[in-house]
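Student: next come a sequence and a model predicted from it.
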Amino acid sequence: MKVINNKAKTSSVDRIFTIMRGLLILSPFVALGYLTVDSARAGGVADWQTIIGSNPNNTVMFIVAMMNPFIAYLLGFVKDHLNMGDYDYGMLNLILMVAAEVMLQNFIYALGIAFLTYKCSKVYQAPIKGCLKRKIGNHLFRDISGSIVVLALAGICMFAMLRLG
């Protein structure tokens, strides 16, 4: 595929990448703030370990929030590969990250990454349909290994959330 070097076209995608990475990195701090406020509202001021360990829902929420910085880290690789012209790598990983965020029930982040996937497919003229077909014989599992780890952890968290109700 042809590499897109037009800065005017890619600047909007770069801006969306930066916004999404920033939001994903901030999510553990938001979760800790929520847990602190929830604990203070219940009448007790305790340390982090007690707050997280006191309720299994809090534990799962914290684990889900801690996965988001890793997804932000993977978005950096996706951005680099898209800038180098490896559109199949970028599009496959973005699709898998959307699936992981849906499994984690982070619908705002899922919508943000889905919008980013849409913008990347338009700006880089990388059709989503053929990217899997082109990658099948060309190191598919090596290229999506980070997203597979995220999907595995998201599956564990989804199972825990479903069991907790």
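Tutor: Good, I have the coordinates.

Student: burial measure for the nearest residue to residue 107 once chain neighbours are set aside, as a count.
Tutor: Of all residues not flanking residue 107 in the chain, residue 101 sits nearest, at 7.5 Å (Cβ to Cβ, 6 or more residues apart in numbering). All C-beta atoms are positioned from the backbone trio N, CA, C, and that covers glycine. Using other Cβ atoms under 10 Å, residue 101 has 25 other residues around it.

Student: helix or strand: which one has the most far-flung residue of the chain relative to its centre?
Tutor: Distance from the C-alpha centroid of the chain, by Cα atoms, centre = their mean, peaks at residue 43 (34.1 Å). Assigned by DSSP states H and E, residue 43 falls within no helix or strand.

Student: what about the host helix or strand of residue 81, distance to the chain center?
Tutor: Using DSSP H and E, the element containing residue 81 is helix 56-84. Centre-to-centre, helix 56-84 and its host chain are 4 Å apart (Cα atoms, centre = their mean, to the nearest Å).

Student: what residue ranges in this structure score low on pLDDT?
Tutor: Counting by pLDDT under 70, the chain shows low-confidence ranges at 1-9, 42, 44-46.

Student: longest helix in it, please.
Tutor: Criterion DSSP state H: the longest helix present in the chain is helix 7-41.

Student: same for that helix, what does it pack against?
Tutor: On a contact count with 3 or more Cβ pairs under 8 Å, 6 or more residues apart in numbering; DSSP states H and E, helix 7-41 meets helix 48-54, helix 56-84, helix 107-123.

Student: if we can go back for a sec, how far off helix 7-41 does the helix holding residue 81 point, in degrees?
Tutor: 170 degrees (axes from the mean of the first three to the mean of the last three Cα atoms, to 10 degrees).

Student: what's downstream of helix 56-84, the next helix or strand?
Tutor: Counting by DSSP H and E, what follows helix 56-84 is helix 87-103.

Student: and residue 26, how far is that from residue 152?
Tutor: 24 Å (Cβ to Cβ, to the nearest Å).

Student: quick check on the two: which one has the bigger neighbour count.
Tutor: residue 26 (14 against 11).

Student: OK, contacts around that one?
Tutor: Listed by Cβ atoms under 8 Å, 6 or more residues apart in numbering, residue 26 has no contact partners.

Student: thanks a lot, catch you later.
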